[in-house]
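Trainee: Okay, here's the prediction I keep looking at, along with the sequence it came from:
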Amino acid sequence: MSVIAVTGATGYIGGRLVPVLLEQGHEVRVLTRRKKALRDVPWSMDVHIVVGDLADPEAAKELCSGAEVLYYLAHSMGGTKDFGPVEERCAQVLAAAAKAAGLQRLIYLSGLHPDGELSMHLTSRVKVGEILESSTVPTLTLQAGLIIGSGSASFEMVRHLTDVLPVMPAPRWVLNQVQPIAIRDALHYLSEAAGLPPEVSGRFDIGGPRAHSYAELMRLYADAAGIRRPTILPLPVLTPWLAAQWVNLVTPIPRSLAVPLVESLQHDCVMRNHDIDTVIARPTKGLTGYLRAVELALAKMSDDTVETTWVTAHALESPADPLPSDPQWAGHTVFTDVRERDTKARPESVFKVIQGIGGETGYYSLPGAWALRGLVDKLVGGVGLRRGRRSRENLALGDAVDWWRVEEIVPGQLLRLQAEMRAPGRAWLEFSVAPTDSGSRYTQRAVFFPHGIAGRLYWLAILPFHGRIFSSMSKRITNAAEDLDHEPQSQ
């Protein structure tokens with residue numbers, strides 16, 4: 001077995017690949033900017049964690065030291081407008097560190113792409129591959145199309161477009177051919193690549209058993225989900241930019257991610273050969289068809305067993321700013337709304353309700369107001385309320401809850417959510433529960449750090465709504481906890 005280093009371990013693919021590698025008996029090292037980001041990950045105690053930035057030569061050196069294989073799974077798409085130069089810099093740093101450490105193999109996950117002019121996203125993916133290949137370390141580049149699995153960006157884009165729009169005016173690229181691959185098959189090729197001999201290198205296309213048009217992907221999703229097939233009307237007038245705005249509005253995919261995703265669909269993206277079959281055998285049960293991949297993804301969602309989602313990559317990876325729990329708030333101007341209620345409900349019942357907030361459950365107050373604020377956030381390029389939750393019942397550090405991110409969670413005691421919506425300031429919503437002689441004391445706190453005069457005016461503008469929203473929220477959450485206590489206990 002090998003010592004394997006993984007970048008992008010907090011992302012959608014990396015978060016699923018690491019446990020596969022561990023199960024195969026490999027020793028795994030991962031890189032993260034904040035160790036806390038992995039605190040609630042089930043496999044965090046089984047890996048060696050290197051803390052640092054991907055563009056930091058010292059962190060790259062520590063990650064590669066003693067390793068034999070390195071997976072390059074990190075990318076900056078959607079995180080910054082100039083992701084190309086950022087990705088190139090990170091690739092150069094890792095390539096130099098891998099060469100200096102004498103690694104036996106680099107494995108890079110790239111994307112299927114046509115010849116000729118490419119989108120910014122695919123151009124960056126190709127350039128990163130070229131940089132890694134120039135390191136002289138044997139490099140295997142796996143070029144995948146749309147990855148279909150519970151929580152993947154491609155699956156969520158198809159799912160929401162199909163669920164929401166029975167009739168969909170669409171750009172002509174919905175007729176282009178794409179070759180999706182099930183997440184389980186992508187993980188098969190990635191994990192098997194670690195055992196290849198050094199002389200095997202180069203670029204290999206990977207994909208599912210057949211190609212489909214994007215319109216067909218939506219129709220097949222509808223079949224798997226048991227809903228009516230959408231009527232798709234290809235229109236020549238919808239530019240990639242306009243289509244991306246539509247995707248941003250209708251799906252949970254934010255504009256910063258929708259634009260590069262849509263640009264990547266302007267041409268057919270299919271496997272040009274099956275050379276991968278000569279170096280890595282197909283899965284024992286064969287490749288998973290698209291329809292089956294969708295059925296498996298929907299089953300994961302139904303069973304509430306989704307391991308990672310497309311939003312995982314940004315979980316708690318930015319440096320920490322002053323938190324609302326800081327006693328002095330580091331000199332910040334701060335606005336708060338605090339609500340306390342005593343309830344007869346047990347603390348565990350109160351926290352169970354708290355932990356289930358958001359997603360399909362909502363926020364126990366004025367759902368129309370929340371929906372309107374989410375729509376406004378989408379229109380200005382924010383994440384909106386459609387991101388939902390990874391799990392209906394449980395939360396972990398770094399999980400997304402609509403436009404919130406779990407910044408801290410202490411089971412049975414505390415949940416603090418940091419807002420990722422567009423606003424002239426930084427906001428948190430914190431819930432805590434403590435036992436009392438007669439039940440529990442529930443405390444709810446909204447905290448806002450305004451940015452300049454715009455932030456102060458924003459707080460004053462929404463202040464009239466807080467009385468109803470936060471008062472109703474505290475009352476209904478405690479009532480729901482009391483109702484939960486009165487439900488028959490399963491034996």
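Mentor: Noted; the coordinates are in hand. Residues are numbered from 1 along each chain as shown.
Trainee: so how far is Thr312 from Arg387?
Mentor: Noted for Arg387: a distance of 11 Å to Thr312, by Cβ to Cβ, to the nearest Å. Backbone N, C-alpha and C define where each C-beta goes, glycine included.
Trainee: wait, Ala224
Mentor: 24 Å.
Trainee: quick one, which of those two is more surrounded?
Mentor: Thr312 (25 against 19; other Cβ atoms under 10 Å).
Trainee: before we move on, the earlier item: overlap of the contact sets of Arg387 and Thr312?
Mentor: Common neighbours of Arg387 and Thr312, using Cβ atoms under 8 Å, 6 or more residues apart in numbering, are Ala400.
Trainee: backbone phi and psi for the most centrally placed residue in the chain, please?
Mentor: A centroid search over the chain (Cα atoms, centre = their mean) returns Val311, at 1.8 Å, as the residue closest to the centre. Dihedral pair for Val311: phi -80, psi -10, per degrees, to the nearest 10.
Trainee: Please list all residues in contact with it.
Mentor: Contacts of Val311 (Cβ under 8 Å, 6+ apart): 387, 400.
Trainee: Report the mean per-residue pLDDT for the helix or strand where Thr141 lies.
Mentor: Element membership for Thr141 (DSSP states H and E) is strand 139-144. For strand 139-144, mean pLDDT rounds to 96.
Trainee: And the residue lying closest to Ser134 once chain neighbours are set aside, how far from Gly15?
Mentor: Using Cβ to Cβ, 6 or more residues apart in numbering and skipping the chain neighbours, the partner closest in space to Ser134 is Ala95 (6.7 Å). Distance of Ala95 to Gly15, given as Cβ to Cβ: 24 Å.
Trainee: Likewise for Ala400?
Mentor: 13 Å.
Trainee: Show me whatever sits in contact with both of those two.
Mentor: Common neighbours of Ala400 and Gly15 (Cβ under 8 Å, 6+ apart) are Thr312.
Trainee: just to revisit the earlier point, residues in contact with whichever helix or strand comes after the strand holding Thr141?
Mentor: Sequence-wise, the next helix or strand downstream of strand 139-144 (DSSP H and E) is strand 147-148. Applying Cβ under 8 Å, 6+ apart, the contact partners of strand 147-148 are 12-13, 154-155, 158, 180-183, 186, 208, 290, 293-294, 297.
Trainee: Stretch 186-205 now?
Mentor: In contact with stretch 186-205 (Cβ under 8 Å, 6+ apart) are residues 2, 4, 13, 16-17, 20-21, 24, 26, 69, 71, 104-105, 107, 109-110, 112, 129, 133, 138-144, 147, 206, 271-276, 279-281, 283.
Trainee: which residues does the closest residue to Ser213 other than its chain neighbours contact?
Mentor: Nearest residue to Ser213 in three dimensions, chain neighbours excluded: Leu175, at 5.1 Å (Cβ to Cβ, 6+ apart). By Cβ under 8 Å, 6+ apart, the contact set of Leu175 is 213-215, 234.
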